[in-house]
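1. just coords:
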């Protein structure tokens, strides 16, 4: 399924040493190649200067070709310095070049729609992010590994 290209900051709000901007969709490689001397080699780390307007940053870029990505689509991740203002400027620049701001949970929704994960696995992502105990993490990990889905199948067959 072909979808437009979406973009969002993939790291929590606030300032940090590193922040990630993620794009997903058919046009992500073309969009990023306009601001980064980008070689379209899947799963190869590229390091260089990202230039968007008057903003320049030394970044790491990773490209995952469909269907071998989280969403099942072409995905590009930009690891930049993690200032929230810088990351928002990068997103704004990528939107100006043709990407669309992603809605909440849209990357996970695309992964579900493209058959990369089940609905219970997609919902477990938020639980993983908010887990605050080992017990919680183990339970969510079981869902992510498909144990809940396999249990449903056994129950349905019985």
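-> Yes, it's here. Computed from a prediction, not measured in an experiment: that's the story for all the values here.

2. residue 128 and residue 121, how far apart?
-> Residue 128 sits at a distance of 10 Å from residue 121 (criterion: Cβ to Cβ, to the nearest Å). Every C-beta, even on glycine, is put in place using the N, C-alpha and C of the backbone.

3. what's the answer for residue 110, then?
-> From residue 110 to residue 121 the distance is 13 Å (Cβ to Cβ).

4. these two: who's more crowded?
-> Using other Cβ atoms under 10 Å, the more surrounded residue of residue 110 and residue 121 is residue 110, with 23 against 19.

5. tell me how the protein divides into domains.
-> Domains of the chain are assigned by automatic domain parsing as 6-111, 117-157.

6. comparing those domains by mean pLDDT, which bottoms out?
-> Least confidently modelled of those is domain 117-157, at a mean of 74 by mean pLDDT.

7. between residue 128 and residue 121, which contacts overlap?
-> Listed as contacting both residue 128 and residue 121 by Cβ atoms under 8 Å, 6 or more residues apart in numbering are residue 144.

8. so who does the most centrally placed residue in the chain touch?
-> When Cα atoms, centre = their mean is applied to the chain, the residue found nearest the centroid is residue 22 (4.7 Å). Neighbouring residues of residue 22 by Cβ under 8 Å, 6+ apart: 7, 8, 9, 10, 75, 76, 77, 78, 107.

9. strands of the chain, start to end?
-> In the chain, the segments counted as strands under DSSP state E are 6-9, 16-24, 46-52, 55-64, 75-82, 100-101.

10. closest to residue 45 among the contacts of residue 22?
-> Using Cβ to Cβ, residue 77 is the member of the contacts of residue 22 that sits closest to residue 45, with 10.2 Å.

11. not counting sequence-adjacent ones, nearest residue to that closest one?
-> Once flanking residues are discounted, residue 77 sits nearest to residue 62: 4.7 Å by Cβ to Cβ, 6 or more residues apart in numbering.

12. what's the separation between that neighbour and residue 13?
-> Distance, residue 62 to residue 13, using Cβ to Cβ: 22 Å.

13. which one of those two has more residues nearby?
-> residue 62 (17 against 10).

14. and the strands of the chain, which is most packed in?
-> strand 6-9 (a mean of 23; mean count of other Cβ atoms under 10 Å).

15. distance between that one and the chain's centre?
-> Relative to its parent chain, strand 6-9 has a centroid offset of 8 Å by Cα atoms, centre = their mean, to the nearest Å.
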